[in-house]
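1. I would like to see how this sequence folds:
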Amino acid sequence: MHIVHLDLKPENILLDNNMVPKIADFCLSRNLDEKQSRFTTKNVYGTVGYLAPEFIRGGDITYKSDMYSLGIIITEITTGKKSDPDIENVLESWRNRLEKSKADTQLLQVRVCTEIALECTESNPTRRPDIQDVINRLGATKSMDYSVTEIGASSS
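-> The predicted model follows:
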């Protein structure tokens, strides 16, 4: 059984005493069984701005519906807005905020988060990453140590 939350937004992500996120408010969620990859409903509920386009347009629910919401949440965390981020603008805004000794690694992490956000908000749900891919990519950035020059060169 797989659960699709359908109302992921910052207000529904709580942090425990160890700052581990916990997802709350499953009242709109749907269960998809192992053989089911999509569900269609006429009742489209949720929070505007976080809903996947295929859900808004036709009531289609897939595993990738929540990935769209995750992309909007990451965008909001990195930019303060829900709109599509420009990676270079995001990095520039973070450069002055980061601790100098860790800035290179942290800028790489911001870049990876921004790239993930853009992929998660793809209009075509089949082009969105799955959660394991996102976890693996975030985990890979934990101990990397790149310079700002190398970060800039990798985007060209």
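2. would you list every one of the strands in this structure?
-> Ranges of strands within the chain are 2-4, 13-15, 21-23, 30-32, 38-40, 60-62, based on DSSP state E.
3. Would you format those strands as TSV with mean pLDDT and mean neighbour count included?
-> Using the backbone N, CA and C atoms, a C-beta is placed for each residue, glycine as well. Below are these laid out as TSV (pLDDT from 0 to 100; neighbours: other C-beta atoms under 10 Å):
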stretch	mean pLDDT	mean neighbour count
strand 2-4	83	15
strand 13-15	94	12
strand 21-23	93	11
strand 30-32	81	14
strand 38-40	67	13
strand 60-62	82	21
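4. and of those, who's closest to residue 142?
-> strand 21-23 (16.5 Å; C-beta to C-beta).
5. From the contact counts, what lies against the closest one?
-> If contacts are counted by 3 or more C-beta pairs under 8 Å, 6 or more residues apart in numbering; DSSP states H and E, strand 21-23 sits against strand 13-15.
6. What number of residues are in the vicinity of residue 126?
-> 7 (other C-beta atoms under 10 Å).
7. What sits closest to it if chain neighbours are left out?
-> Leaving aside its sequence neighbours, residue 126 sits nearest to residue 64 (C-beta to C-beta, 6 or more residues apart in numbering; 7.3 Å).
8. residues near the one you found, how many?
-> Count around residue 64 with other C-beta under 10 Å applied: 24.
9. ok, it touching residue 125?
-> Yes. Residue 64 sits in contact with residue 125 when judged by C-beta atoms under 8 Å, with a separation of 3.8 Å.
10. By mean pLDDT, which helix or strand of the protein comes out lowest?
-> helix 148-154 (a mean of 46; mean pLDDT, DSSP states H and E).
11. before we move on, the earlier item: overlap in contacts, residue 64 and residue 125.
-> residue 52 (C-beta atoms under 8 Å, 6 or more residues apart in numbering).
12. Hmm, residue 109 is touching residue 139, no?
-> No. With contacts counted by C-beta under 8 Å, residue 109 stays clear of residue 139, the gap being 11.0 Å.
13. Same drill for the two, tell me which one is more crowded.
-> The neighbour comparison of residue 109 against residue 139 (other C-beta under 10 Å) goes to residue 109, with 18 against 9.
14. For the lengthiest helix in the chain, name the packing helices and strands.
-> Using DSSP state H, we find that the single longest helix of the chain is helix 103-120. Applying 3+ C-beta pairs under 8 Å, 6+ apart, we find helix 103-120 packed against helix 65-79, helix 87-95, helix 131-140, helix 148-154.
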